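Enquirer: I need the structure of the sequence given here:
(2 chains)
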2 protein chains.
Amino acid sequence: MNFKIISTDGSARRGVIETRRGRINTPSFMPVGTHGTVKAMSPDELKTLGAEIILGNTYHLYLRPGIDVISRLGGLHTFMNWDRPILTDSGGYQVFSLSAFRKIEPNGVHFRSHIDGSLHFIGPCEAMKIQGILGSDIAMVFDECIPYPATYEYAKKSVELTTGWAQQCKAVQNDGQALFGIVQGGMFRDLRKKSTEDVLGIGFDGYAVGGVSVGEPKEEMHEIIYFNGPLLPPDKPRYLMGIGDFGDMLKAVDAGFDMFDCIMPTRNARHGTLFTSAGKTSIKKEDFKYDSGPLDPGCTCYTCRNFSRGYLRHLFISREILSMRLNTLHNLHFYQEFFRNMRTSIEAGEFQNFKAYWETIFP
Amino acid sequence: MNFKIISTDGSARRGVIETRRGRINTPSFMPVGTHGTVKAMSPDELKTLGAEIILGNTYHLYLRPGIDVISRLGGLHTFMNWDRPILTDSGGYQVFSLSAFRKIEPNGVHFRSHIDGSLHFIGPCEAMKIQGILGSDIAMVFDECIPYPATYEYAKKSVELTTGWAQQCKAVQNDGQALFGIVQGGMFRDLRKKSTEDVLGIGFDGYAVGGVSVGEPKEEMHEIIYFNGPLLPPDKPRYLMGIGDFGDMLKAVDAGFDMFDCIMPTRNARHGTLFTSAGKTSIKKEDFKYDSGPLDPGCTCYTCRNFSRGYLRHLFISREILSMRLNTLHNLHFYQEFFRNMRTSIEAGEFQNFKAYWETIFP
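Expert: Next comes the predicted model:
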């Protein structure tokens, strides 16, 4: 994996990550494919709308269909028929957020499956082994994502644990697979700094900031983004995990982040919430009942080129599968187009104008 | 609308229906688009798999989104972005099968919506008016589809009612819209004959046989198919309503029928039942867990060209939307391909071999 910065505009960076499976233009948004599919989309559609990399969830794939299945079916790319880059998370976040039971040990976490309650154990070594079998292009270290609020004492211990796990992951990094470290530390600046130093000390192909958007007020999140971004080395990709709100992403790019993932465009689409050049809207609106116009007049996606607001409203109310498809297609297209335009704005030295404009659309 | 028979093989016919929106090669299978969408499919996909005509349900569209919406959004073709022919049923079947309450009068039926219990009235005049607004290329007369079993007395009265309604429909046929008559009569040969004579006496652009596959034994159904088919005039399209089982359709083509519609390929797909060149299968099968082969090795559909049985099984078990999409795409492709090959077999004078072969695959 190779990362090159093409141009900068303030702290915002316009870069390219070269991988064995193709290039990723940054800042980049990664659609989330939890169970080996970006919900409602075919791989062909994802390519058409310009997705250059998607995210796969180690925890979910480990539980279902299971690593034995994906292994015997040729790895995640072959399994889901996606030949562009994949980043996998380590499963850490889900072990801590989805599992009803968990017991942390120095070498990992015992937890119960949220599907059938069965007992499992994942630690840094297991997470690396699973991600090796999945065959993702970028793997993430196994970390603890602490809840908000957390005591200083708990956060401090957690950073130590996460650092130890990062060392173990690095020691067993898979051949041909990039590995990103993750900075934690909750809302405590000194712990963020300590975690950053620890992770930089180990040395990774890229650096992620985790543990934000876990329930804290927006102001605190933005402080951490602006504080932690500049601490990361400029010559490696910087990934802000799990953030998909436009206002948050704009600030993060402003703070020097390059990569994002979030379920926002896909989950919102399935619930009828759509992102347009005029802001967020609900396709359920009575106003749209007789509306023959496209959802977003300037949009070039398949949904906007072919269907009316009235039809999209009808499909949603009728709970048709095509509703989820067309809504998801539009939202993901909107995200990809937003990022294309953001990259252009950085190249043109216009990022601050871009940011200011979109902050009025998505306040 | 113009119908031309290109070749025959016994009673089986290979024809072409020319409409203002393009040609329909017969025998033809019409995918069902109940709520203005063939469930899980985009219009582009339907075209790609070779669907030349789809069916729309008057009853469902009348209730949701309502005729006012479809009228103001330019008719059903524009509403759903489908520019090929559409056949609409009259709503009669659904009024009798879906509504909890109904009261039959000489001019139509009072019924309660299965969605919200609201009271409505549809008769021949209303059904024609609604289909006119929908703007389908082929409309169907409003008829009573009686349940099985029914007494001779009830069936006889019902034929009289249906004949009267057919006359009323014919009297208000919409400009530029073909209208098909429907033969009823339950399982009684003399009533079938009477109904056929009545409907032929009125004169339509095509003739349908209704009231089969309503719970009767297969033998009775096949008797009616072979009895009623030859009573219809050879120079008009013959449509056997609601039949999609391969064995039944083969017999119907053998009896001279040209058109079919059924929810079988789409509904089965969503429930994981798939049609292949080796017969019916369930994608849930444990056997498929590690299977890297395509669902149907000879199949050229997007699903079979790109995904393994193991992946399709995983998607189904995970209740992913892509499962419904890929399964539906395959089943509809299989139906279209089956009909393409059936047409070729008739042209080649090989229909009996075709029929015998597929009767062993789908016994």
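
Enquirer: need the contact list for A:P65.
Expert: Applying C-beta atoms under 8 Å, 6 or more residues apart in numbering or on different chains to A:P65 gives the contacts A:36, B:289, B:310, B:313-314, B:317-318. In short, each C-beta sits where N, CA and C put it, glycine included.

Enquirer: how about A:T58?
Expert: Applying C-beta under 8 Å, 6+ apart, one finds that A:T58 lies in contact with A:88-91, A:94, A:127, A:130-131, A:134.

Enquirer: one more time with 10 Å, if that's ok
Expert: Applying C-beta atoms under 10 Å, 6 or more residues apart in numbering or on different chains to A:T58 gives the contacts A:67, A:76, A:88-95, A:122, A:126-128, A:130-131, A:133-134, A:136, A:139-140, A:142.

Enquirer: tell me the phi and psi of the residue lying closest to it once chain neighbours are set aside?
Expert: Leaving aside its sequence neighbours, A:T58 sits nearest to A:G91 (C-beta to C-beta, 6 or more residues apart in numbering or on different chains; 3.9 Å). Main-chain dihedrals, A:G91, degrees, to the nearest 10: phi 90, psi -10.

Enquirer: cool, A:T273 as well?
Expert: Here is the backbone geometry of A:T273 (degrees, to the nearest 10): phi -100, psi 120.

Enquirer: do the same with A:F29
Expert: Backbone torsions for A:F29, taken as degrees, to the nearest 10, come to phi -110, psi 130.

Enquirer: show me the beta-bridge partners of it.
Expert: Per DSSP bridges, the residues bridged to A:F29 are A:F260.

Enquirer: I'd like to know how far it sits from A:R84.
Expert: Taking C-beta to C-beta, to the nearest Å as the measure, A:F29 falls 14 Å from A:R84.

Enquirer: worst-scoring helix or strand of chain A, pLDDT-wise?
Expert: The helix or strand of chain A with the lowest confidence, counting by mean pLDDT, DSSP states H and E, is helix A:92-97 at a mean of 89.

Enquirer: which strands and helices sit next to that one?
Expert: Applying 3 or more C-beta pairs under 10 Å, 6 or more residues apart in numbering or on different chains; DSSP states H and E, we find helix A:92-97 packed against helix A:58-61, strand A:102-105, strand A:108-112, strand A:119-122, helix A:124-134.

Enquirer: tell me which of those is the most buried.
Expert: Compared across these, helix A:58-61 shows the largest average neighbour count, a mean of 26 (mean count of other C-beta atoms under 10 Å in any protein chain shown).

Enquirer: and the longest helix along chain A with helix B:321-347, angle?
Expert: Using DSSP state H, we find that the single longest helix of chain A is helix A:321-347. Helix A:321-347 and helix B:321-347 are oriented at 120 degrees to each other (axes from the mean of the first three to the mean of the last three C-alpha atoms, to 10 degrees).

Enquirer: quick one: mean pLDDT over the following helix or strand past helix A:321-347.
Expert: Next in sequence after helix A:321-347, counting helices and strands by DSSP states H and E, comes helix A:351-361. Per-residue pLDDT over helix A:351-361 has a mean of 98.

Enquirer: list the buried residues for helix A:351-361?
Expert: A:351, A:354-355, A:358 (16 or more other C-beta atoms under 10 Å in any protein chain shown).

Enquirer: for stretch A:235-253, same thing?
Expert: Buried residues in stretch A:235-253 (16+ other C-beta under 10 Å): A:236-246, A:248-253.

Enquirer: first-to-last residue distance for it?
Expert: This stretch, stretch A:235-253, spans 15 Å end to end (C-alpha to C-alpha, to the nearest Å).

Enquirer: also stretch A:174-194?
Expert: For stretch A:174-194, the first-to-last residue distance is 26 Å (C-alpha to C-alpha).

Enquirer: on that earlier part again, just put the buried residues of helix A:351-361 in a markdown table and tack on distance to chain B.
Expert: As requested, the buried residues of helix A:351-361 are exported to a markdown table (distance: C-beta to the nearest C-beta, whole Å):
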| residue | distance to chain B |
| --- | --- |
| A:F351 | 36 |
| A:F354 | 33 |
| A:K355 | 34 |
| A:W358 | 29 |
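
Enquirer: find the nearest non-adjacent residue to A:A150, please.
Expert: Among residues not flanking A:A150 along the chain, A:G186 sits closest, at 5.0 Å (C-beta to C-beta, 6+ apart).

Enquirer: burial measure for that neighbour, as a count.
Expert: By the measure other C-beta atoms under 10 Å in any protein chain shown, the count of residues near A:G186 is 27.

Enquirer: who's in contact with it?
Expert: Taking C-beta under 10 Å, 6+ apart as the criterion, A:G186 is in contact with A:145-152, A:154-156, A:158-159, A:192, A:195, A:211-212, A:214, A:216, A:220, A:224.

Enquirer: repeat the analysis, applying 6 Å as the threshold.
Expert: Applying C-beta atoms under 6 Å, 6 or more residues apart in numbering or on different chains to A:G186 gives the contacts A:146, A:150, A:155.

Enquirer: quick check: the gap between the residue lying closest to A:G75 once chain neighbours are set aside and A:H77.
Expert: Spatial nearest neighbour of A:G75, chain neighbours left out: A:G135 (3.5 Å); criterion: C-beta to C-beta, 6+ apart. Plainly put, A:G135 is 6 Å away from A:H77 if you go by C-beta to C-beta.

Enquirer: what's the answer for A:A155, then?
Expert: 37 Å.

Enquirer: is the residue of the stretch 51-200 of chain A found nearest chain B part of a helix or strand, or is it coil?
Expert: In the stretch 51-200 of chain A, no residue comes nearer to chain B than A:P65, which is 4.1 Å away by C-beta to the nearest C-beta. Following DSSP: H, G, I helix; E, B strand; the rest coil, A:P65 is assigned to helix.

Enquirer: roughly how far apart are it and A:F79?
Expert: Taking C-beta to C-beta, one finds A:P65 at 8 Å from A:F79.

Enquirer: look up how far A:K194 lies from A:E160.
Expert: Relative to A:K194, and taking C-beta to C-beta, A:E160 is found at 9 Å.

Enquirer: when the two are compared, which one has more neighbours?
Expert: A:K194 (18 against 13).

Enquirer: ok, the residue positioned nearest the centre of chain A - contacts?
Expert: The centroid of chain A falls nearest to A:D261 when counting by C-alpha atoms, centre = their mean (1.7 Å). Neighbouring residues of A:D261 by C-beta under 6 Å, 6+ apart: A:30, A:32, A:55.
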